[in-house]
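A.B. asks: give me a 3D structure for the following:
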Amino acid sequence: MPRKLPKPIPHVLYHKDGSLWGRGQKRDETMVGYWEWFRKDGTKMRSGSFDDAGEQIGEWTTYDKTGAVYKVTRVKAKPPARN
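C.D. replies: Sure thing, here's the model as predicted:
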């Protein structure tokens, strides 16, 4: 039977000046689920998701200095490790 993973908990990161730097969820020390990062002026810089192993997955969006979408990158899933 697969091991049940603990529930992820909300996590917030701050710049040295106290402004919001990033927010999302962590399971233990691993970033999981949807995350967003912000510039010191508060505009969104990047967003995307992590799988349960903390690997980037799916679409990652980069935003310009005004917060408008600059580009979207599709992250391909890594193949399973061979034994």
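A.B. asks: residues contacting Glu29?
C.D. replies: Listed by CB atoms under 8 Å, 6 or more residues apart in numbering, the contact set of Glu29 is empty. All C-beta atoms are positioned from the backbone trio N, CA, C, and that covers glycine.
A.B. asks: over to the one 4 residues further on?
C.D. replies: Residues counted as contacts of Gly33 (CB under 8 Å, 6+ apart) are 8, 24-25, 49-50.
A.B. asks: and for Lys71?
C.D. replies: Here Lys71 is in contact with 61-62 (CB under 8 Å, 6+ apart).
A.B. asks: that one: which element?
C.D. replies: If you go by DSSP states H and E, Lys71 is part of strand 69-75.
A.B. asks: give the pairing partners of that strand; include direction for each.
C.D. replies: Within its sheet, strand 69-75 is paired with strand 56-63 (antiparallel), according to DSSP bridges.
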